[in-house]
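> Quick one, what's the 3D model for this:
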Amino acid sequence: FVPAEYHQALNDAMDLYEIDAPNRAFAFLGNCAHETAGFTRLVENLNYSPQRLIAIFPRRFSPAEAVEFAHDERRIAERIYGGRMGNGPEGAGDGYAFRGRGFLMLTGRNQYRYIGRHIGEPLEDQPDRAAIPGVAALAAADYWASRGCNLMADAQRWEAITRAINGGMNGHDDRLMWQAKFVN
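Numbering: from 1, shown residues only. You can find the predicted model right below:
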């Protein structure tokens, strides 16, 4: 399921962060697979239709705004991420600059700064680096570890892992589906 070009980077990061027991590895890879649409993208896809914008972000877009913003990834990122997570206000450019990247979709200036410092990468100054496979793997494993996900995986606390990675329960069933593929 994991493309060959990502194997070494993910294996090295998983070894470094002790994502080495079966439950840890399956849960980590299942979450990475979910966040990257099956390892097909390392940059968040924000190309939403008006209907999808309203369904996913009902408090951020009126029906008229959804039509106006549809398929404009930069404007959508500014609306949904501007003024949050250490980003400047909507329109400042931070929402788009610090949109989701990497295997666990690192999002927001604060995360780029924290994880970048922790792994020794200038992610706040060069956010596109978070989509380079080796950097993306280290960032994902560091984020995973910083949230205590290894211990949650040991205890099979799958919902807690989803909340730790996503902040809510978005995509929980898909994460479990991917996780099951790695078990088998």
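> Could you check how far Asn11 is from Ala4?
For Asn11, the distance to Ala4 equals 12 Å [Cβ to Cβ, to the nearest Å]. (Glycine included, C-beta is placed from N, CA and C.)
> If you could redo that for Arg163, that was the one I meant.
Separation of Arg163 from Ala4 (Cβ to Cβ) stands at 32 Å.
> And these two? Which one has more around it.
Arg163 (16 against 6; other Cβ atoms under 10 Å).
> Can you tell me the element that one falls in?
helix 158-166 (DSSP states H and E).
> got the contact list for that helix?
For helix 158-166, the surrounding residues in contact (Cβ atoms under 8 Å, 6 or more residues apart in numbering) are 27, 31, 35, 104, 143-144, 147-149, 152-153, 168-172, 175-176, 179.
> in which helix or strand would I find the residue sitting furthest away from the middle of the chain?
Outermost residue of the chain with respect to the C-alpha centroid, by Cα atoms, centre = their mean, is Ala64; its distance is 28.6 Å. Using DSSP H and E, Ala64 maps to helix 63-69.
> Dump that helix to PDB, keeping only the CA atoms.
Extracted in PDB, the C-alpha atoms of helix 63-69 (Å, rounded to 0.1, in the frame of the first residue of the first chain):
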ATOM      1  CA  PRO A  63     -24.100  29.200   0.600                       C
ATOM      2  CA  ALA A  64     -23.200  32.300  -1.400                       C
ATOM      3  CA  GLU A  65     -19.700  32.300  -0.100                       C
ATOM      4  CA  ALA A  66     -19.300  28.600  -1.000                       C
ATOM      5  CA  VAL A  67     -20.100  29.400  -4.600                       C
ATOM      6  CA  GLU A  68     -17.700  32.300  -4.600                       C
ATOM      7  CA  PHE A  69     -14.800  30.400  -3.000                       C
END
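> and Phe1, how many residues sit next to it?
When neighbours are counted by other Cβ under 10 Å, Phe1 registers 11.
> try Pro133
By other Cβ under 10 Å, 18 other residues sit near Pro133.
> Phi, psi for the most centrally placed residue in the chain please.
Nearest to the geometric centre of the chain sits Met105, at 1.9 Å (Cα atoms, centre = their mean). Main-chain torsions, Met105, degrees, to the nearest 10: phi 50, psi 60.
> ok, it - contacts?
Counting by Cβ under 8 Å, 6+ apart, Met105 makes contact with Glu35, Thr36, Glu44.
> list the contacts for the first one?
For Glu35, the contacting residues are Gly100, Phe103, Leu104, Met105, Ile165, taking Cβ under 8 Å, 6+ apart as the criterion.
> Which pLDDT value goes with Ala25?
Ala25 is assigned 98 on the pLDDT scale.
> burial count for it?
Ala25 is flanked by 18 other residues according to other Cβ under 10 Å.
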